[in-house]
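A.B. asks: missing the sequence, but the structure's below:
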């Protein structure tokens, strides 16, 4: 199982509740691809969201995000943590 | 105290030990600005590093990273987490 960090843009002015709902849409279907979304962090002023996830591949993480309605091409495989 | 996520680029091929050393240079001086670097994640293939930190301001986080030798303009203030 690998670890991934992804970046979403365009979340300007999104509320905490809206982020929770968007995250829940991922969680609802994540088992289809063996993905687990661990945490998400948002800067609503800049419109950035960062998601930490584990899963079998970058593509699996991307497919879940796409089906949940918030696709992003910016998914990075994390191989080192400190 | 606020929470920040920042992004560094250009860390292509950096080793785990090199990242640990770079992170330690932040930790060594972080108290000067009331900053705490919580965690860092690296994708050495894409050359991306993500740092989660707490501190009094975006500028404080930027100053520590600059003094530690790895400045970045991409520092986002996180006001929502799920």
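C.D. replies: Arrived safely, thanks for sending. Keep in mind that this is a model prediction, so the values were computed, not measured.
A.B. asks: write out the residues of chain A neighbouring chain B.
C.D. replies: A:3, A:5, A:7, A:14-16, A:19-20, A:23, A:39-46, A:48, A:50, A:52, A:76-82 (Cβ under 8 Å from any Cβ of the partner chain). The way it works is simple: take the backbone N, C-alpha and C, and place the C-beta from them, glycine included.
A.B. asks: filter those down to the buried ones, ChimeraX style.
C.D. replies: Selecting only the buried entries of the residues of chain A next to chain B in ChimeraX, with 16 or more other Cβ atoms under 10 Å in any protein chain shown as the criterion:
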select /A:3,5,7,14,19,23,40,41,42,43,44,48,50,52,76,77,78,80,82
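A.B. asks: now, the residues of chain A next to chain B that are in strands?
C.D. replies: A:3, A:5, A:7, A:39-43, A:48, A:50, A:52, A:76-78, A:80-81 (DSSP state E).
A.B. asks: relative to residue B:58, which of those is nearest.
C.D. replies: residue A:43 (9.9 Å; Cβ to Cβ).
A.B. asks: separation between that closest one and residue A:9?
C.D. replies: Applying Cβ to Cβ, to the nearest Å, the value for residue A:43 to residue A:9 is 10 Å.
A.B. asks: now do residue A:49
C.D. replies: For residue A:49 relative to residue A:9 (Cβ to Cβ), the value is 8 Å.
A.B. asks: of the two, which one has the most company?
C.D. replies: residue A:49 (27 against 11; other Cβ atoms under 10 Å in any protein chain shown).
A.B. asks: overlap in contacts, residue A:49 and residue A:9.
C.D. replies: Shared contacts of residue A:49 and residue A:9, defined by Cβ atoms under 8 Å, 6 or more residues apart in numbering or on different chains, are absent.
A.B. asks: which parts of stretch A:25-32 are buried?
C.D. replies: For stretch A:25-32, by 16+ other Cβ under 10 Å, it's A:26, A:30.
A.B. asks: that one: how far from the chain's middle?
C.D. replies: 11 Å (Cα atoms, centre = their mean, to the nearest Å).
A.B. asks: understood, closing this out.
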